[in-house]
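**Q** Sequence first, predicted coordinates after that:
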Amino acid sequence: MRAFYALVDDILTWEEFEEEVFSINPDPHDEESENLAAAEVAEKYGRLHLKISELNSKPTLNFFFCKIIEIGPVIEFKRDDNTPGVVRRVLTGDETGEAVLVFFDEKVSGTEEIAVGDVLEVAGRFRSLSTINAVDLRRVEKEIFLREDGIKTLLPVSLKALVLEKSGILQYTKKDQTFGEMEVMFVCMGKTTARIISWNPENLTGITEGMSIYISGLMQKPSKFKEFILGDSSEIKIIFRPDELVKPEFLSISDLYEVLSEKNDESADLTKKGAFDDKISDSFFNSYKIEGLNPCNITGFVTSIDYVSGLPHNSGDTLWLKKGILCDISKGSPKNMPFVLWGKHARLPVFKGDLLELYNCRLKKSGNEKEKAKKNSFVSDLTCYEIHAGYNTCVKVLTGSDTYESNDYKDHVCEKIKGVLECFPEGLYLVGELGRYFLSDNSAKDIKKYFSAGDEVILYGYLKGRVIDVVSAEPVLYSQTNIEERLLSFKNKFFN
């Protein structure tokens, strides 16, 4: 019974667990019935036979089914105290993801009795999807399907990709409490995207955004997002030939509507057959409705954008978000769909008319539509879907004009704009009669040396949509006559 309690010990005390088990099985001397009752309690709280995507470190143990994909070699090592040890890693998976079971020392011998293709029932201590210490397991007769695009091996792999974003050098704290440096790179491989982590930033020297590259010697890391580790033995080659360059593939809003219409037709048939009942889960409903779309790359023009707003987070930090409407690039019969930018993406300067490229974003349904689905009613309204760009999304903003019909970059015309400097969560803006203009990062740093928020200035610079790259600036100076005229105008406007 203690083993089943380890599955829920983050949400129940031992006394509460015993009480619930006793309510199902009041005979404490019947050990078999008691274990069945304990399993029933664990199942009640959704902790019996989790999917790999649901594994977490909150309880002491996780209990789940998985299929063996690959069994690694037995590796000898020495611990910090110089004592020898052995370890073996076993790559497993299900339809939601992959996880690595780790066996140390005497437990390694148990791996001799399992083979690739076996389905296991595992009780393990979760540290990460790359490290689950197997406490107990047994072979079972059960059918498990694997992800088509999931991890197939723990051996080094190669890929060809387009560099979307580099984080710059980041500091982190090692296990021994010393500081180390790392760099993260976001890449696109056509339809899919991935994060590449380099624990030695020198390995990415000379690699810039927009390059097509070929990387060998990558170690894929089990994760809810596709991640790779770039080691010192990895090799990067820059691709120069035009016919070999990597080009990202996007879905337009019209593409989304077309696929979602097909999915809705299929689920309508299931609804009529009674496939959806009152116990249907949000995760099942969402995964079925938009299977093949999550995650995906989506592009479109911004036709409406709200100001950034913040929500209090459990950590005490502010969770930023920004909502808007994305329009189809197609000029025929353009479709619209709401989108939400989360976290650091919400602080990007995005304006009406900008072209957004959202890599590895997700579609979600509003809460009201989920409730309708649970009540066994079919929903055909496709406008209930939203595009969400979160932590694992890369957002590229290609600045445009005020209207999405054109994308007129005024790169070679030095503009003169007058307004007041104002600070927003996204950064520094110039607010004037013609609207808001965002100052590029370098421009904002220079302007802040000489001016403060609230100062009225004239900026000279080059525009890309609503983003200005400042060349020079000067304060707005008023004579006594100018000030008197402005005060009189203000009085006439508001008091007459």
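**A** All right, it came through fine.

**Q** how far away is Thr83 from Leu260?
**A** Counting by Cβ to Cβ, to the nearest Å, the gap from Thr83 to Leu260 is 57 Å. No exception for glycine: its C-beta is placed from N, CA and C like everyone else's.

**Q** who's more crowded, those two?
**A** The residue with more neighbours, out of Thr83 and Leu260, is Leu260; 19 against 8, by other Cβ atoms under 10 Å.

**Q** Specify the local secondary structure of the more buried one.
**A** With DSSP: H, G, I helix; E, B strand; the rest coil as the basis, Leu260 sits in helix.

**Q** Over to Ala444?
**A** Applying three-state DSSP: Ala444 is helix.

**Q** Looks like it contacts Gly427 (just checking).
**A** Yes: using Cβ atoms under 8 Å, Ala444 is in contact with Gly427, at 5.7 Å.

**Q** what about the helices in the protein?
**A** Using DSSP state H, the helices found in the chain span residues 2-5, 14-24, 31-44, 253-272, 282-289, 367-374, 441-450, 480-495.

**Q** Show me the one of these that comes nearest Leu348.
**A** Taking Cβ to Cβ, helix 441-450 is the member of the helices of the chain nearest to Leu348, at 11.3 Å.

**Q** got the contact list for the top strand by length along the chain?
**A** For the chain, the strand with the greatest residue count under DSSP state E is strand 157-173. Under the contact criterion Cβ atoms under 8 Å, 6 or more residues apart in numbering, strand 157-173 has outside partners 179-189, 193-194, 201, 204, 207-220, 228, 239, 244-248, 359, 394, 396.

**Q** And the average pLDDT for stretch 33-47 is what?
**A** In this model, stretch 33-47 has a mean pLDDT of 90.

**Q** So for that stretch, what gets flagged as buried?
**A** 34, 37-39, 41-42, 47 (16 or more other Cβ atoms under 10 Å).

**Q** What's the local residue count around Glu106?
**A** Close neighbours of Glu106, defined as other Cβ under 10 Å, add up to 8.

**Q** Give me the residues contacting stretch 66-75.
**A** Identification of contacts with stretch 66-75 by Cβ under 8 Å, 6+ apart yields 52, 86-94, 98-99, 101, 108, 111, 114-120, 122, 144, 146, 151-154.

**Q** If we use 7 Å, what do you get?
**A** 52, 86-94, 98-99, 108, 111, 114-120, 122, 144, 146, 152-154 (Cβ atoms under 7 Å, 6 or more residues apart in numbering).

**Q** Please check those and keep the buried ones.
**A** For the contacts of stretch 66-75, buried by 16+ other Cβ under 10 Å: 52, 87-94, 98-99, 108, 111, 114, 118-120, 122, 144, 146, 154.

**Q** Among these, which lie within strands?
**A** 87-94, 98-99, 119-120, 122.

**Q** nearest to Leu463, of those residues?
**A** In terms of Cβ to Cβ, no member of these lies closer to Leu463 than Glu98, at 47.0 Å.

**Q** Just the closest of the ones in strands among the buried ones among the contacts of stretch 66-75 to Phe351, please.
**A** Phe351 has its nearest neighbour among those in Glu98, at 40.2 Å by Cβ to Cβ.

**Q** Just the pLDDT at the closest one, thanks.
**A** At Glu98, pLDDT is 94.

**Q** Kindly report the same for Val74.
**A** Predicted confidence (pLDDT) for Val74: 94.

**Q** The one 10 residues further on now?
**A** Here the pLDDT value assigned to Pro84 is 92.

**Q** For it, which non-adjacent residue is spatially closest?
**A** Lys78 (5.8 Å; Cβ to Cβ, 6 or more residues apart in numbering).

**Q** ditto for Asp455
**A** Excluding the flanking residues, the one nearest Asp455 by Cβ to Cβ, 6+ apart is Leu421, at 5.2 Å.

**Q** Please report how far that neighbour lies from Gly343.
**A** Relative to Gly343, and taking Cβ to Cβ, Leu421 is found at 26 Å.

**Q** Where does pLDDT dip in the stretch 301-450 of the chain?
**A** 329-332, 366-383, 399-412 (pLDDT under 70).

**Q** all strands for it, in order.
**A** For the stretch 301-450 of the chain, applying DSSP state E, counting those that start in this stretch gives strands covering 309-312, 318-327, 336-342, 355-365, 385-389, 394-398, 410-424, 427-432, 435-439.

**Q** Fine by me, thanks again.
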